[in-house]
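Novice: Fold the stuff below for me.
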Amino acid sequence: MEGAPRRGKCRARTTDPCYLDVKIAEWGYDVRWWQRVLPPTKLERDLVWQCVLSAFATGTFLAGTAVYFTQVVGLSGAQVGLGMSIAAGVTLVLQLPMGRLADRVGAKPLWAVASLVEAALYLAWPFIGDMATFVAMLSVLAIFETAGRNARNVYRIAVFPRAVRVRAMAYMRAARNVGYTLGAGASGVALGIGLDAVRLIPLVTGALLVLNALLIATVLPAVARAVPEVQDDGTPVAAPPAWRNPGFVVLSVCNGVLSSNQVLLNVVVPLWLVERTDAPVTLVAWLFGTNTVLAVALQVRASRVADSVDGSLRAARWSGYAFVLSCGLIAWTHETVGWVSIVLIWIGHVTITGAELWQSAADWCFTAELSDHRRLGDYQGIWGLGYQVEPIVFPALYTWLALTVGTVGWVAIAVIGMTAAVVAHPAARAAERHLVRIGAPVGV
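Specialist: Below you'll find the model as predicted:
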């Protein structure tokens, strides 16, 4: 056929990353849709595949957690909940030390080792048979997940130039949503087959995480570690620890409060729909599907506003506005019936998704622009402590406010979200002034 490529021609090796796109274009195909879906650089694409792989692995296990631990391991629901609470406490305690460990040993080595240990722990899950070993395994897993997460975040800041950093992180978050969706689907297939398939879930997760660790170690490039500054006499200049930057500490708490949109999405709205409205229960599945599609399709676009500290503050404001609008729409459904309730809940869920997208974009730029790059791991540790506010405080608080207090409770939830967005502004400016005062590197 005229214009078709010769067999074997595409085997030629080339160092030009655009080679394939050029050849496909020569063959007459439209590649513009492909260019819109994937990020433009090889490093971003490599990290996108890593995100899909790791989220696929953990999503497979998380979706089947309840059935696996109760039906296979034989624990009660209360035991599973207690074990997870203990693991959350371990995460909270070790958040800052694991961040500092990334500064000490390097982000990529720690990330690769932690990922490999995570894989080994998942492969060991079939040997867990009682409460004591369950708690021990969850606690050890929490240690290495915390270390890997902090190292990954440091790596993502350090490996990208300032101009593309937020865009790259947006692509990675969208990719993780894809991975979690694939993982949930795989777990659903296993649950449909029966317990014999459910028993294989941790083995599948472990195998995928082994591939993830190999990808991190062998495909991703190394990043240069910060070189300590020295005085005239050769004495190293010690950068102040992150906790001495009060603006950054307060900002991390504000970000943690704004991230409680996840509690609304995953906990409060589904419970409200079931207990306080006449909307069909099946709507919950459609809400989660809509959130996933919007998060994948719009995260990169939403991140464009967060191109600086000013842009991040704008994104935080928009997140707060969307947070408030969502609370108002959802609260209104207590008084509506039929299709009105369905439409209002759906629009309210969409606006919560907007709050999520803008909060995420602001998060990435804040941590990159307002961290002392000589102590990125330390700053990531503090930022992670802010995130721990969400799972510890807000599930119980928001559920009580919405389902027990009612309309006034929804007003209180809206005030909490908007207050965080407002306080973020002076906190960010204070963090900026602190970095200037201590002579932290800028423009990196």
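Novice: Return the residues in contact with Pro395.
Specialist: 263, 267 (C-beta atoms under 8 Å, 6 or more residues apart in numbering). Backbone N, C-alpha and C define where each C-beta goes, glycine included.
Novice: Helix or strand next in line after the helix or strand that contains it, which one?
Specialist: Per DSSP states H and E, Pro395 falls inside helix 389-400. Later in the chain than helix 389-400, the nearest helix or strand by DSSP H and E is helix 407-437.
Novice: Output the contacting helices and strands for that next one.
Specialist: For helix 407-437, the elements it packs on are helix 246-258, helix 309-332, helix 338-369, judged by 3 or more C-beta pairs under 8 Å, 6 or more residues apart in numbering; DSSP states H and E.
Novice: what about Glu432, how many neighbours?
Specialist: Neighbourhood size, Glu432 [other C-beta atoms under 10 Å]: 18.
Novice: Is it in contact with Ser308, as I believe?
Specialist: No: using C-beta atoms under 8 Å, Glu432 makes no contact with Ser308, being 10.9 Å away.
Novice: For Ser260, what are phi and psi?
Specialist: Note on Ser260: its backbone torsions stand at phi -70, psi 0 [degrees, to the nearest 10].
Novice: count of residues packed around it?
Specialist: Ser260: 26 surrounding residues under other C-beta under 10 Å.
Novice: which residues sit against the helix or strand hosting Leu203?
Specialist: Per DSSP H and E: Leu203 is located in helix 201-218. With C-beta under 8 Å, 6+ apart as the test, helix 201-218 has contacts from 46, 49-50, 53-54, 56-58, 60-61, 64, 68, 108, 111-112, 115-116, 118-123, 125-126, 186-187, 190.
Novice: Name the residues of that helix that are buried.
Specialist: 201-202, 204-206, 208-213, 215-216 (16 or more other C-beta atoms under 10 Å).
Novice: a markdown table for the helices and strands packed on helix 407-437, including distance to Arg156, mean neighbour count and mean pLDDT?
Specialist: Converted to a markdown table, the helices and strands packed on helix 407-437 look like this (distance: least, C-beta to C-beta, whole Å; neighbours: other C-beta atoms under 10 Å; pLDDT from 0 to 100):
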| stretch | distance to Arg156 | mean neighbour count | mean pLDDT |
| --- | --- | --- | --- |
| helix 246-258 | 16 | 23 | 97 |
| helix 309-332 | 16 | 22 | 97 |
| helix 338-369 | 8 | 22 | 96 |
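Novice: Quick one: closest of those to Leu264.
Specialist: Closest approach to Leu264 among these (C-beta to C-beta): helix 338-369, 5.3 Å.
Novice: Tell me the helix or strand right after the closest one.
Specialist: With elements assigned by DSSP H and E, the helix or strand that comes after helix 338-369 is helix 376-387.
Novice: now that next one against helix 407-437, angle please.
Specialist: 160 degrees (axes from the mean of the first three to the mean of the last three C-alpha atoms, to 10 degrees).
Novice: Just the buried residues of helix 376-387, please?
Specialist: Buried-residue list, helix 376-387, by 16+ other C-beta under 10 Å: 376-387.
Novice: Tell me which two of the buried residues of helix 201-218 sit farthest apart.
Specialist: Across these, the longest distance by C-beta to C-beta is 22.5 Å; it joins Ile201 and Ile216.
Novice: which residues touch the nearest residue to Met169 once chain neighbours are set aside?
Specialist: Nearest residue to Met169, sequence neighbours excluded (C-beta to C-beta, 6 or more residues apart in numbering): Trp364, at 4.3 Å. Residues near Trp364 by C-beta under 8 Å, 6+ apart: 165-166, 169-170, 303, 306.
Novice: so the helix holding Pro395 versus helix 407-437, what angle?
Specialist: 160 degrees.
Novice: State the distance from the residue nearest the centre of the chain to Cys51.
Specialist: In the chain, the C-alpha nearest the mean C-alpha coordinate belongs to Arg173, at 6.3 Å (C-alpha atoms, centre = their mean). Look at Arg173 and Cys51: by C-beta to C-beta, to the nearest Å, they are 8 Å apart.
Novice: just Leu92 next, same as before
Specialist: As for Leu92, its distance to Cys51 is 25 Å (criterion: C-beta to C-beta).
Novice: So those two - more neighbours on which side?
Specialist: Cys51 (23 against 17).
Novice: Report the spatially nearest residue to that one, omitting neighbours in sequence.
Specialist: Counting by C-beta to C-beta, 6+ apart, Ala175 is the residue found nearest to Cys51 once chain neighbours are left out, at 3.9 Å.
Novice: tell me the angle the helix or strand hosting the one you found makes with helix 201-218.
Specialist: Assigned by DSSP H and E, Ala175 falls within helix 165-193. With the same axes, to 10 degrees defining the directions, helix 165-193 sits at 160 degrees from helix 201-218.
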